[in-house]
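Enquirer: Please work out how this folds:
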Amino acid sequence: MDEHEILKHLKESAWQDVKYFSNSNKEERERWVVSDFLSVLGIEHSVADLQSLEQESKVDVRFRNAQFQVKEIPDPNLLRGKMYKDTYNSINMAKSLGEVSLVGDLHDLPQISCMYELVLEKAGDLANSETYRDTKSVLDLLIYVTRPRASLIQAHEIKSEDFAEFGWRSVSCINSKQGVVLYSSQSAPKFIADRSQNVVVKNG
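Expert: Take a look at the predicted model:
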């Protein structure tokens with residue numbers, strides 16, 4: 001493979017990243033997060049089982065009787081969309097591999113933090129917002145943590161009473177290494193309630 005072919009493949013890969021993280025691809029990313037969460041919990045499912053609802057709905061993804069509202073806790077210092085666009089533009093304009101610049105992914109790392117506290121704060125902030133005030137009791141909040149330098153959730157940290165006052169039907173977390181059901185109300189879907197307060201580590 002010569003340099004021209006390598007640049008061509010890099011350009012195609014970079015463009016796929018741009019498209020995947022675009023606003024128009026939000027529903028696919030949300031379905032992927034839910035699918036990842038279900039897989040970690042050992043819940044059999046197929047792509048066809050995950051239904052994205054219209055943008056006006058407070059439900060992002062429906063699976064069986066679960067109604068997931070998917071939220072991310074990202075790296076606060078990373079402008080991900082800009083990073084992928086800058087990378088693509090650099091490759092697209094390059095005439096040789098030496099002209100390719102990947103400086104777009106360089107940024108200040110966030111301070112070390114506790115993931116449990118981050119999720120607790122996020123769940124509370126969303127619960128207190130007008131957006132979910134009237135619907136949170138029928139929503140299963142699923143928080144996807146991509147922020148680096150955040151300590152993994154430990155079983156001894158989880159206290160259902162921390163989340164009960166927020167009013168969500170259930171609150172769960174998924175990250176690169178684990179899936180956790182942090183809280184489930186009496187009306188939560190059974191497959192979520194059955195795994196309440198269990199920390200499940202991803203295989204591999």
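Enquirer: and Glu117, what element?
Expert: Element membership for Glu117 (DSSP states H and E) is helix 115-127.
Enquirer: Give the next helix or strand downstream of that helix.
Expert: Next along from helix 115-127, by DSSP H and E: strand 140-145.
Enquirer: Indicate each strand paired with that next one and its parallel or antiparallel sense.
Expert: strand 66-73 (parallel), strand 170-174 (parallel) (DSSP bridges).
Enquirer: related to what we said a few turns ago, if you count contacts, what does the helix holding Glu117 end up packed against?
Expert: strand 66-73, strand 140-145, strand 150-151, helix 160-164, strand 170-174 (3 or more C-beta pairs under 8 Å, 6 or more residues apart in numbering; DSSP states H and E). Backbone N, C-alpha and C define where each C-beta goes, glycine included.
Enquirer: could you dump these to JSON lines with mean neighbour count?
Expert: Converted to JSON lines, these look like this (neighbours: other C-beta atoms under 10 Å):
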{"stretch": "strand 66-73", "mean neighbour count": "21"}
{"stretch": "strand 140-145", "mean neighbour count": "25"}
{"stretch": "strand 150-151", "mean neighbour count": "17"}
{"stretch": "helix 160-164", "mean neighbour count": "15"}
{"stretch": "strand 170-174", "mean neighbour count": "27"}
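Enquirer: and Val200, that one's in a strand?
Expert: Yes - the assignment for Val200 is a strand, going by DSSP: H, G, I helix; E, B strand; the rest coil.
Enquirer: Quickly list what it is bridged to.
Expert: Val200 has these beta-bridge partners by DSSP bridges: Gly179.
Enquirer: Test my guess that Asn77 contacts Pro110.
Expert: Yes - counting by C-beta atoms under 8 Å, Asn77 touches Pro110, with 6.0 Å between them.
Enquirer: So which of those two has more stuff around it?
Expert: Counted by other C-beta atoms under 10 Å, Asn77 and Pro110 do not tie: Pro110 has more neighbours, with 15 against 11.
Enquirer: The more buried one and Met93: what is the separation?
Expert: 31 Å (C-beta to C-beta, to the nearest Å).
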